[in-house]
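>>> here is a sequence together with a model predicted from it:
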Amino acid sequence: MMPLAPYLVLCPMRIEFDAVGSGLRRAGIGAELAQVVQTGIGAGAIRRALGACNADEADRSADGCGFLEHGSCKAASGDSASCRSGGIRAANVGLAPGGLRGVVLAGLCGGLRSTAAVPAIREVVSASGERWSLDDSGWCAPCGAQRAGRGASGASLVGVDALVPGPEEKRALAAKSGADIVDMECHALAAWGGATGVPWTVVRGVSDRPEDVLPVEVLGWVTAAGDSRPARAVMDMVRKPRLIGHTVNALRRSKEVLPLVAERVALMIREREAQS
């Protein structure tokens with residue numbers, strides 16, 4: 001069984017997985033340092049992916065790794081150490097919390113207030129009001145020495161369990177949570193990090209700004225595993241042409257910010273390694 005790399009990078013969607021994996025390779029971060037995993041969308045997907053970190057070796061199946069119940073591992077076919085959800089069980093990937101130096105959640109987010117394209121995140125907030133502070137290095141280290149937080153200089157990220165589609169909903173969530181950006185996964189990672197003591201961080205690029213609409217239909221354009229469903233997207237846009245403009249804008253911004261997300265992930269891993 002191949003040992004897990006010291007850093008685990010979680011990407012909910014294929015578009016994020018591809019961009020971040022390619023960016024890390026360009027930055028010279030290979031399989032021995034960081035493993036990139038496509039988890040699927042939502043807190044439940046993150047919990048399932050990270051749940052294998054708590055599995056005993058004896059509980060893992062003989063033909064797989066217990067990391068993703070269903071997945072294909074590109075590392076097994078000679079690519080970088082990247083796992084993508086799919087139709088077959090992942091192979092040759094070992095996972096245990098004690099071997100991890102950090103977990104990164106990376107990808108896209110929605111904007112609730114005006115921020116940088118890839119804002120430095122100072123805290124993660126859950127919809128129920130739980131808060132986790134990140135230190136000046138951008139990491140949360142629940143069981144280790146942690147430097148002072150970013151204060152007012154960073155963004156607050158709220159994790160929710162439903163899409164926040166339009167300006168009105170975004171304003172309401174910003175007012176209720178005090179957050180600047182929103183995603184559907186960070187609260188699951190934060191809770192897991194708090195329970196295990198493994199250092200973690202989040203790197204997000206804003207795909208839809210506070211004034212933008214992100215149609216609720218987009219959730220149907222992605223499979224549970226995080227892969228795109230282009231035929232479904234085309235059918236919806238043919239039936240509802242109003243979706244086209246919103247979709248084109250979100251895709252354009254996604255392509256602009258994802259390379260920046262990958263650069264930030266590479267920088268944070270390198271800086272943490274230099275400090276260790």
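That came through, no problem.
>>> just the strands in the stretch 101-250 of the chain please.
Using DSSP state E, counting those that start in this stretch, the strands found in the stretch 101-250 of the chain span residues 102-111, 121-126, 131-133, 155-159, 181-183, 200-208.
>>> which one, of these, ends up nearest to Val234?
strand 200-208 (19.7 Å; C-beta to C-beta). All C-beta spots, glycine's among them, are computed from the backbone N, C-alpha and C.
>>> can you tell me how far the residue sitting furthest away from the middle of the chain is from Gly99?
Within the chain, the residue lying farthest from the chain centre (C-alpha atoms, centre = their mean) is Arg239, at 31.1 Å. As judged by C-beta to C-beta, to the nearest Å, Arg239 and Gly99 stand 49 Å apart.
>>> local confidence estimate at the residue farthest from the centre of the chain?
As predicted, Arg239 sits at a pLDDT of 97.
>>> so who does it touch?
When the contact criterion is C-beta atoms under 8 Å, 6 or more residues apart in numbering, Arg239 has no partners at all.
>>> which one is Cys186 nearest to, not counting chain neighbours?
Spatial nearest neighbour of Cys186, excluding adjacent residues (C-beta to C-beta, 6 or more residues apart in numbering): Gly159 at 4.2 Å.
>>> by mean pLDDT, flag the weakest helix or strand of this structure.
strand 72-73 (a mean of 35; mean pLDDT, DSSP states H and E).
>>> nearest residue to Leu33 in space, please, no chain neighbours.
Ala5 (5.7 Å).
>>> before we move on, back to that, the residue nearest to Cys186 and Asp183 touch, don't they?
Yes - counting by C-beta atoms under 8 Å, Gly159 does reach Asp183; the two are 6.0 Å apart.
>>> which of the two has more residues huddled nearby?
The neighbour count for Gly159 versus Asp183, taken as other C-beta atoms under 10 Å, is higher for Gly159 (28 against 24).
>>> could you give the bridge partners of the more buried one?
Here Gly159 sits in beta bridges with Ser126, Asp183, going by DSSP bridges.
>>> how about it, what does it touch?
Gly159 neighbours (C-beta under 8 Å, 6+ apart): 43, 124-127, 182-188, 190.
>>> give me that answer again for 7 Å
Gly159 sits next to Ala43, Val124, Ser126, Asp183, Met184, Glu185, Cys186, His187 when contact means C-beta atoms under 7 Å, 6 or more residues apart in numbering.
>>> are any of those buried, and which?
Buried members of the contacts of Gly159, counted by 16 or more other C-beta atoms under 10 Å: Ala43, Val124, Ser126, Asp183, Met184, Glu185, Cys186, His187.
>>> next, format the residues you listed as TSV and append distance to Lys170.
What follows is those, written out as TSV (distance: C-beta to C-beta, whole Å):
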residue	distance to Lys170
Ala43	19
Val124	18
Ser126	17
Asp183	13
Met184	14
Glu185	18
Cys186	16
His187	17
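>>> pLDDT and distance to Met235 for those residues - can I get that in CSV?
Below are those laid out as CSV (pLDDT from 0 to 100; distance: C-beta to C-beta, whole Å):
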residue, pLDDT, distance to Met235
Ala43, 97, 28
Val124, 97, 36
Ser126, 96, 35
Asp183, 98, 27
Met184, 97, 24
Glu185, 98, 27
Cys186, 98, 31
His187, 98, 32
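>>> tell me the one of those residues nearest Trp221?
Using C-beta to C-beta, Met184 comes nearest to Trp221 of those, at 14.8 Å.
>>> for the stretch 51-200 of the chain, which segments count as helices?
According to DSSP state H, counting those that start in this stretch, the stretch 51-200 of the chain carries its helices in the segments 167-177, 186-196.
>>> which of the ones you listed sits closest to Asp136?
Taking the helices of the stretch 51-200 of the chain one by one with C-beta to C-beta, helix 186-196 is closest: 17.4 Å.
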